[in-house]
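Participant: mind folding the following:
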Amino acid sequence: MKFIRIVKMAFSSMKLNKTRTFLSTLGVIVGVASLILITSFGYGAQAAILERIQSMGANTIVITAGRSSNMMRAVAGESALRKPLTYDDLRYLKSQISELKASPLSESRTTTKVGDNTIIISVVGTNEDFLSVQNYKLDQGRSFINSDVTGYRNVCVLGSDIATQLFESENPLGQTINLFDSKFIVIGTLKSIGTVGFSNVDTNVYIPITKLQVITGQTSLRNIYIKTPDDMTMDVLIAIVTKLLTAKHGMANFTITNMTQVIELATTTTSTLTTALTAIGLIALLVGGIGIMNIMLASVAERTREIGIRKAIGGSRNDILIQFLLESVTITIVGGTVGIIIGYIASTVAGKLYTTRVTPMSIIIGFSVSVAVGIFFGVYPAMKASKLNPVEALRYE
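Facilitator: Okay, here's the model as predicted:
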């Protein structure tokens with residue numbers, strides 16, 4: 001009964017100071033909602049990156065020019081002792097390894113007209129294997145065939161976003177776009193894929209690698225992607241490719257990365273990013289906790305006479321301590337709950353534009369930290385209130 005009476009007194013005190021209670025709760029709401037929203041971006045990015053890398057299959061290897069001890073630089077195409085890979089290297093590997101599926105990657109940028117607007121387009125040179133190697137899916141039309149590449153044909157495949165941007169609701173198949181002052185016929189469009197590595201596939205235009213090299217004068221490739229044949233293990237493939245390219249180049253001036261390593265790297269990188277974002281969200285929550293402590297200290301000062309009277313008529317130190325702690329914890333529990341709801345709604349809305357993911361762990365962390373903040377920042381004001389001398393408190397004006 002005594003505890004219930006203390007609880008009622010705590011709630012009565014909060015009702016009497018509605019503005020102060022609301023502002024304290026608002027600080028927690030903003031902190032928890034920010035934590036949920038920020039971490040949802042981190043977990044969403046992690047899920048999207050890993051999903052896309054894994055969709056390419058763990059049986060894919062990437063060859064990059066130059067030797068590099070830094071895997072991220074290798075995947076990005078930046079490496080020491082740089083010596084170019086060429087399309088001839090890819091053809092050589094295919095001639096030496098039967099049934100090999102290998103896709104080159106060379107990129108350039110150009111402009112094209114969309115109505116009265118001029119937009120910049122990323123044009124990627126590749127070959128007939130790029131769909132199977134990269135695990136992209138056609139939405140309509142067809143992909144490249146060998147004669148498109150060997151015949152230097154002016155044909156292209158569009159990413160889903162650029163197809164919509166260029167032709168809106170019209171069917172792009174059979175229509176032409178202007179690239180590098182040349183007309184290219186659209187033969188296919190891709191299903192939406194999103195960002196892969198450092199490129200948004202949905203905004204890319206793909207043309208035969210041979211045509212891109214003739215137009216731009218580029219002879220080097222950024223990467224060569226190779227899918228491991230069914231009758232071969234990845235380790236064997238890497239050993240064979242290493243031997244063949246070393247013999248052809250006269251030295252091992254290239255880096256081979258397998259997708260398992262890329263997945264491990266991406267997991268580590270995105271986990272670090274998510275942890276950093278979580279820390280930022282926690283800082284916002286701690287700021288709300290400091291606000292609670294300030295307001296509770298002000299409450300102690302305002303209610304000094306009340307505390308003195310309660311102690312004079314038999315109220316114990318523990319009663320005062322529990323009441324003030326209850327007030328701060330109640331504020332954080334209510335604020336944490338509302339903050340989680342608002343954060344989830346905000347994350348869902350943001351998910352229409354970006355990849356977001358609210359995890360049970362982020363909810364648990366948000367709620368647990370909000371309660372911990374209430375206890376931590378409520379202890380000092382509660383202790384201060386409980387230690388007041390009743391005689392001095394009664395004299396307080």
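Participant: show me where this protein has strands.
Facilitator: In chain order, the chain shows strands spanning 60-65, 85-86, 101-114, 117-126, 138-141, 155-158, 176-179, 182-190, 195-196, 199-200, 204-208, 220-221, 223-227, 254-258, with DSSP state E as the criterion.
Participant: out of those, deepest packed?
Facilitator: Neighbour counts (mean count of other C-beta atoms under 10 Å) averaged over each of the strands of the chain peak at strand 155-158, with a mean of 26. Every residue, glycine included, has its C-beta placed from N, CA and C.
Participant: output the strands of the chain in JSON lines, with mean pLDDT and distance to residue 294 appended to each entry.
Facilitator: Putting the strands of the chain into JSON lines (pLDDT from 0 to 100; distance: least, C-beta to C-beta, whole Å) gives the following:
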{"stretch": "strand 60-65", "mean pLDDT": "86", "distance to residue 294": "55"}
{"stretch": "strand 85-86", "mean pLDDT": "90", "distance to residue 294": "62"}
{"stretch": "strand 101-114", "mean pLDDT": "87", "distance to residue 294": "54"}
{"stretch": "strand 117-126", "mean pLDDT": "87", "distance to residue 294": "51"}
{"stretch": "strand 138-141", "mean pLDDT": "93", "distance to residue 294": "57"}
{"stretch": "strand 155-158", "mean pLDDT": "95", "distance to residue 294": "58"}
{"stretch": "strand 176-179", "mean pLDDT": "90", "distance to residue 294": "61"}
{"stretch": "strand 182-190", "mean pLDDT": "93", "distance to residue 294": "56"}
{"stretch": "strand 195-196", "mean pLDDT": "60", "distance to residue 294": "43"}
{"stretch": "strand 199-200", "mean pLDDT": "70", "distance to residue 294": "46"}
{"stretch": "strand 204-208", "mean pLDDT": "95", "distance to residue 294": "53"}
{"stretch": "strand 220-221", "mean pLDDT": "89", "distance to residue 294": "61"}
{"stretch": "strand 223-227", "mean pLDDT": "90", "distance to residue 294": "56"}
{"stretch": "strand 254-258", "mean pLDDT": "84", "distance to residue 294": "53"}
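Participant: quick one, which of these gets closest to residue 334.
Facilitator: Among those, the nearest to residue 334 by C-beta to C-beta is strand 195-196 (39.0 Å).
Participant: so which helix or strand of this structure has the lowest pLDDT on average?
Facilitator: For the chain, using mean pLDDT, DSSP states H and E, the weakest element among its helices and strands is helix 71-76, scoring a mean of 46.
Participant: and the spatially most central residue of the chain, how far from residue 343?
Facilitator: Nearest to the mean C-alpha position of the chain, by C-alpha atoms, centre = their mean, lies residue 45 at 1.8 Å. Summarising the geometry, the distance separating residue 45 from residue 343, computed by C-beta to C-beta, to the nearest Å, is 17 Å.
Participant: before we move on, what about residue 377?
Facilitator: When distances are taken as C-beta to C-beta, residue 377 and residue 343 turn out to be 21 Å apart.
Participant: residue 127 now?
Facilitator: Going from residue 127 to residue 343 by C-beta to C-beta gives 46 Å.
Participant: you'd agree the residue nearest to the centre of the chain is up against residue 272?
Facilitator: No. Residue 45 is beyond contact range of residue 272, at 11.7 Å (criterion: C-beta atoms under 8 Å).
Participant: for residue 95, the count of nearby residues, please.
Facilitator: Neighbouring residues of residue 95 were enumerated by other C-beta atoms under 10 Å; the total is 10.
Participant: just the pLDDT at it, thanks.
Facilitator: Each residue has a pLDDT score; the one for residue 95 is 92.
Participant: please name the residues that touch residue 376.
Facilitator: Contacts for residue 376 (C-beta atoms under 8 Å, 6 or more residues apart in numbering) come out as residue 289.
Participant: just the pLDDT at it, thanks.
Facilitator: Residue 376 is assigned 74 on the pLDDT scale.
Participant: just confirm residue 147 contacts residue 153, I think it does.
Facilitator: Yes. Judged on C-beta under 8 Å, residue 147 makes contact with residue 153 at a distance of 7.4 Å.
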